[in-house]
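For reference, the sequence and a predicted model appear below.
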Amino acid sequence: MRTTVAVVNGPGQDFLFEEVDVDGPRADEVVVRIIASGICHTDLSLREQLPAEMFPRVFGHEGAGVVEEVGAEVTGIEVGDHVVLSIASCRSCDACRSGAVGYCDQAMMLNYMGFRMDGSTSYSRASGPVFGHFLGQSSLARHSVVHHSSVVVVDKDLDLTKVAPFGCGFQTGAGAILNVARPGPGDSVVVYGVGAVGLAAIAAARASDVETVIAVDLQPSRLEVAEKLGAIGVNPGELGEVSVVDKIKEITGGGAAYGVETTAVPAVIKQAAQALRVRGTLVVLGLDMNHAEFAIDAIDILQNGKIVRGSIEGDSDPLEMVPRMLRLHAEGKFPVTDLVTTYPFTEIDAAVADVLAGKVVKPVLVW
């Protein structure tokens, strides 16, 4: 079969639309006709940072669509099902069996390398293979060949253009709250960086009845959205002589119970840890391969019993977390679909430019 993909031919290069050959599904795979796909900062950062030998590549990992073919060994998924796509996992290692599928023993091979476990790719062109299978899906395409573990069947009444980001961005932010931090109403939560991930964390905190939720960002437009979701906005650029750490401690009465860090900026991570209360926890979600190390105040962490921990996809199992978020949304407790701005797939460059400029929160491309 032939299909259209948005291929990137080398580090930092543009998304180019091209027709390629696509395999039918292997026994453990599903072919999905993509209706919509969100653009995540991970797509954009790894487009810049992956080495040249990992291209040409099809990115995209917030896909939603309709199942067209099902592999012989796949159960629970049928042709015609509407689905949201997420990360892939082996479903058999110790981590997967415990529900920690983001930490699957085969996570690197299934999600980042660009090929199947046997080294084959589902996309190809006359000049050779095209790497796909990005986070289990490579959804910046008309058709994706996805590992069965990436597929979450959803109600056919749902608008797939609105729920596509539930497979990554919204899941990561919400999971940091609902699965990792688990704050109570009397706790305080500070979210650093309020793009799609951070705003989903704020929405999840408010859904958990947390009264004191603080959003820290330099973009006034993002803070306005956060405030509509029920957060107190703090713009570090407008604090004058007051530090972010001191401002957070002032608002929270001594420090935040929980912090969620999405920016991957080392200085922000350090400040977020310093702004915690005694025995507070910071959940780090952001990753920048160009700044893979960050400093913390070791004395502060040790003497105050603070925890700084990372999280993949908010420690979510998509098969459980996506339906959970959809239920909260249906109840009016998780109003994140308002963050979506749709674009025709052919306007991918405009969508990327708008999200980088802060004009939109979550761009979603629609065929």
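Here it is on my side, so go on. Numbering: from 1, shown residues only.

Quickly list what residue 83 is bridged to.
Counting by DSSP bridges, residue 83 forms beta bridges with residue 65, residue 153.

Regarding stretch 152-160, how distant is the last residue from the first?
End-to-end span of stretch 152-160 (Cα to Cα, to the nearest Å): 12 Å.

Also stretch 71-88?
16 Å.

just checking, what packs against the helix or strand bottoming out on mean pLDDT in the chain?
Across the helices and strands of the chain, mean pLDDT, DSSP states H and E gives its lowest value to helix 41-49, namely a mean of 92. Under the contact criterion of 3 or more Cβ pairs under 8 Å, 6 or more residues apart in numbering; DSSP states H and E, helix 41-49 touches helix 348-356. C-beta coordinates here come from the backbone N, C-alpha and C atoms, glycine included.

Now the very next helix or strand once past the helix it packs on - C-alpha only, CSV.
Once helix 348-356 ends, the next helix or strand along the chain (criterion: DSSP states H and E) is strand 362-366. Taking Å, rounded to 0.1, in the frame of the first residue of the first chain, the C-alpha atoms of strand 362-366 are listed here in CSV:
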residue,chain,number,x,y,z
LYS,A,362,-1.9,22.3,21.5
PRO,A,363,-1.9,22.2,17.7
VAL,A,364,-3.6,19.2,16.1
LEU,A,365,-3.2,18.3,12.5
VAL,A,366,-6.3,16.9,10.7
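
Off-centre distance for strand 362-366?
Relative to the mean C-alpha coordinate of its chain, strand 362-366 is positioned 14 Å out (Cα atoms, centre = their mean, to the nearest Å).

And stretch 334-347, by the same measure?
That offset, for stretch 334-347, works out to 14 Å (Cα atoms, centre = their mean).

what does the average pLDDT come to for it?
Averaged across stretch 334-347, pLDDT comes to 97.

What are the buried residues along that stretch?
Neighbour-count burial for stretch 334-347 flags 334, 336, 337, 339, 340, 342, 343, 345 (criterion: 16 or more other Cβ atoms under 10 Å).

what does stretch 89-109 give?
Residues 89-91, 93, 95-96, 100-104, 106-107, 109 are the ones in stretch 89-109 that count as buried (16+ other Cβ under 10 Å).

Between the two ends of it, how far is it?
Note: stretch 89-109 ends 9 Å apart using Cα to Cα.

What are the contacting residues of it?
Contact partners of stretch 89-109, identified using Cβ atoms under 8 Å, 6 or more residues apart in numbering, comprise 87-88, 110, 117, 149, 311-313, 315-318, 320.

chain center to that stretch: distance?
For stretch 89-109, the distance to the chain centre is 18 Å (Cα atoms, centre = their mean).

Check stretch 119-131 too.
Mean-position distance between stretch 119-131 and its chain equals 26 Å (Cα atoms, centre = their mean).

quick one: contacts of that stretch?
Under the contact criterion Cβ under 8 Å, 6+ apart, stretch 119-131 has outside partners 5, 7, 18, 20-23, 29, 54-58, 113-116, 132-133, 138, 141, 145.

Now do residue 291, the pLDDT please.
For residue 291, the model assigns a pLDDT of 70.

And for the one 4 residues further on?
On the pLDDT scale, residue 295 is placed at 84.

Where does the nearest residue to it once chain neighbours are set aside sit: helix, strand or coil?
Spatial nearest neighbour of residue 295, chain neighbours left out: residue 270 (5.6 Å); criterion: Cβ to Cβ, 6 or more residues apart in numbering. The three-state assignment at residue 270 reads helix, by DSSP: H, G, I helix; E, B strand; the rest coil.

Tell me how many other residues crowd residue 270.
19 (other Cβ atoms under 10 Å).

what sits against it?
Residues near residue 270 by Cβ under 8 Å, 6+ apart: 294, 295, 296, 297.

just the buried members of those?
By neighbour count, with 16+ other Cβ under 10 Å, the contacts of residue 270 hold 294, 296 as buried.

I am finished for the moment; much appreciated.
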